[in-house]
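J.: Predicted coordinates and the sequence they were generated for:
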Amino acid sequence: MTSPQPTVRVRVDLAYDGTGFSGWAAQPGLRTVEDELARAWATVLRVAPPRLTVGGRTDAGVHARGAVAHLDVPVEAWEAMPGRSERTPGQAAVARLAGVLPADVVVRSAQVAPAGFDARFSALDRRYTYRLCDDQPRLDPLRRHDTVRHRRALDVGAMDRAAGGLVGLHEFAAFCRRREGATTVRTLLTYRWERAEDGTLVATVVADAFCHSMVRALVGATVVVGEGREDEGWPARVRDRGVRDPRVPVMPAHGLTLEEVRYPSEEGLAARAAQARARRTLPGAGTGAG
């Protein structure tokens, strides 16, 4: 019986245009970022397609400018990446991946990860932006794949105040698609709206983690306020009821971009991963693993 080959964990920083993808996660018969990246790594490493773990799984049509993933690869294959060149394995990997990846995926860097690193569980928080244009003549056609056209004028001040009322450690079941056994308690660290110089409305949303459809539902709740159909305290009341409200639209995916995934210093990686794996609960609600 042969012993398993020693492996090295590699951190991968990447970006992609989500327009042509059915999201990050591999799905039979569909084009996904995970599949494209796994095939590319298999080609340049000359191994079977590796398993990838990502710091923020995105839905179909969602983009990423600052995604982070990791994979474990055989040490021998990693060290052989430069061939006869003077490049490091990471530099060689980036150059070789650029030659096999499609144009809508770019690997920015690849490097040996520090001990305890996990792209998903070591993350401190994820930062997303969402772009809306409510002024048709100012819509930039060159940004049609990452900016949602909205036909009604929006009050960005009201939206920003409503967004601020959602920040904190809360149960966000009203803005999530539930998964069996998964918690929907999250810490929303930042949620704000501003109007950019080009007239586009831009939301910045930061949380320790997000559940499925959460950002687009949070955006939808404040858009309702921006249209004047509900008052500024309405999104928080929806949150506190803890059930999906049909008046909250889940906004189109293409306006959403994963901008950044932040991690602690090397010394705090393992502890952060252990903390993230623990089931989130509200104060006084008890604890449990999950």
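T.: Sure, I can see it. Just so we're clear, the structure is a prediction, and the values are computed from it rather than from any experiment.

J.: Need the pLDDT of the residue positioned nearest the centre of the chain.
T.: What sits nearest the mean C-alpha location of the chain, by Cα atoms, centre = their mean, is G56, with 3.4 Å. With respect to pLDDT, G56 has a value of 92.

J.: Repeat that for the one 5 residues further on.
T.: According to the per-residue confidence, G61 scores 97 in pLDDT.

J.: my read is it is in a strand, agree?
T.: No: G61 is assigned coil when assessed by DSSP: H, G, I helix; E, B strand; the rest coil, not a strand.

J.: Report how many residues lie close to it.
T.: When counting by other Cβ atoms under 10 Å, one arrives at 19 neighbours for G61. No exception for glycine: its C-beta is placed from N, CA and C like everyone else's.

J.: Would you mind measuring from the nearest residue to it once chain neighbours are set aside to R57?
T.: For G61, the nearest residue in space outside its immediate sequence neighbours is A253; the separation is 3.4 Å by Cβ to Cβ, 6 or more residues apart in numbering. Going from A253 to R57 by Cβ to Cβ, to the nearest Å gives 13 Å.

J.: thinking again about what came up before, ok, now how distant is the residue nearest to the centre of the chain from T19?
T.: G56 is 18 Å from T19, by Cβ to Cβ.

J.: Check V112 too.
T.: Here the criterion is Cβ to Cβ. By it, V112 lies 32 Å from T19.

J.: V107 and M251: what is the separation?
T.: The value you get for V107 to M251, if Cβ to Cβ is used, is 29 Å.

J.: ok, back up a step: my guess is the residue nearest to G61 contacts G18, does it?
T.: Yes: proximity of A253 to G18 meets the contact threshold set by Cβ atoms under 8 Å, at 7.3 Å.

J.: which neighbours do those two share?
T.: Both A253 and G18 are contacted by 60-62, under the criterion Cβ atoms under 8 Å, 6 or more residues apart in numbering.

J.: Can you give the domain ranges for this structure?
T.: Under automatic domain parsing, the residue ranges defining each domain of the chain are 7-112, 125-262.

J.: Test my guess that L258 contacts D59.
T.: No: with the criterion set as Cβ under 8 Å, L258 and D59 do not qualify as a contacting pair; they are 10.6 Å apart.

J.: Please report how far R262 lies from L189.
T.: Counting by Cβ to Cβ - R262 and L189 are separated by 10 Å.

J.: ignore the last one, R237
T.: Taking Cβ to Cβ, one finds R237 at 21 Å from L189.

J.: Contact partners for the residue lying closest to D155 once chain neighbours are set aside?
T.: Taking Cβ to Cβ, 6+ apart, and ignoring the residues beside it in sequence, D155 has G226 as its nearest neighbour in space, at 5.0 Å. For G226, the contacting residues are 154-156, 158-159, 201, taking Cβ under 8 Å, 6+ apart as the criterion.

J.: Sort out which of these are in strands and list them.
T.: Members of these lying in strands (criterion: DSSP state E): L201.

J.: so which of the contacts of G226 comes closest to R144?
T.: Using Cβ to Cβ, L201 comes nearest to R144 of the contacts of G226, at 15.6 Å.

J.: any idea of the pLDDT on the closest residue to that closest one other than its chain neighbours?
T.: Spatial nearest neighbour of L201, chain neighbours left out: L132 (4.3 Å); criterion: Cβ to Cβ, 6+ apart. Looking at L132, its pLDDT is 97.

J.: Pretty sure Y263 sits against F121.
T.: No: shown here, Y263 and F121 do not form a contact pair, counting by Cβ under 8 Å, at 10.4 Å.

J.: Do you have the helices of the stretch 1-150 of the chain handy? List them.
T.: In the stretch 1-150 of the chain, helices defined by DSSP state H, counting those that start in this stretch lie at 33-45, 75-79, 89-100, listed in chain order.

J.: Sort out which residues of the shortest one are buried, please.
T.: By neighbour count, with 16 or more other Cβ atoms under 10 Å as the criterion, the buried positions of helix 75-79 are 77-78.

J.: picking that back up, which of the helices of the stretch 1-150 of the chain sits closest to Q136?
T.: Within these, the stretch nearest Q136 is helix 33-45; the backing value is 31.5 Å (Cβ to Cβ).
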